[in-house]
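A.B. asks: Here is a sequence with its predicted model. Questions after.
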Amino acid sequence: MLRSLVKGGYVKEAAVEQEGKRPQRTRYAITPAGRRQLAELLERAWRDLPSPADPFALALAARPDLEDEGRVPELLGDRVSALRSRLDRLDELERSAPAREMVVRQRALTTAELAWAEALLQREGDVT
């Protein structure tokens, strides 16, 4: 990856260092072209929405393959537990996040999915 960045002119070798008997270490610096590319990627990240196709969407689509085994409520319960754990971890991460908004956004997305999953789990309990 680093060679590709150098070849593309996005980074350049800045220094080669060696401490004691350790192997040489090369430091790289971003070039003006690299800064422009980074800015373009960041702007695209602000504008573009992530793909709606994610592994969990595939699992939902293939749900009938697991319903025969009666595993869906158990798996959904596992997902609810994982989402709750994620919310707990987000509280810890907020103090060290480079931007508070990163954690606030992830908390909102996780809270929304948790509410959806809990409602689905409740419906599953009503059906069985």
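C.D. replies: Cool, got the structure.
A.B. asks: can I see the domain layout of this protein?
C.D. replies: The record, using automatic domain parsing to delimit domains, assigns the chain the ranges 2-46, 50-127.
A.B. asks: pLDDT averaged over the shortest one - what is it?
C.D. replies: Per-residue pLDDT over domain 2-46 has a mean of 95.
A.B. asks: mind listing what's buried in the helix ranked longest in the chain?
C.D. replies: Counting by DSSP state H, the longest helix found in the chain is helix 100-127. If you call a residue buried by 16 or more other Cβ atoms under 10 Å, then helix 100-127 has these buried ones: 103, 106-107, 110, 114, 117-118, 120-121. Every C-beta, even on glycine, is put in place using the N, C-alpha and C of the backbone.
A.B. asks: counting contacts, what elements does it pack onto?
C.D. replies: Applying 3 or more Cβ pairs under 8 Å, 6 or more residues apart in numbering; DSSP states H and E, one finds that helix 100-127 contacts helix 72-93.
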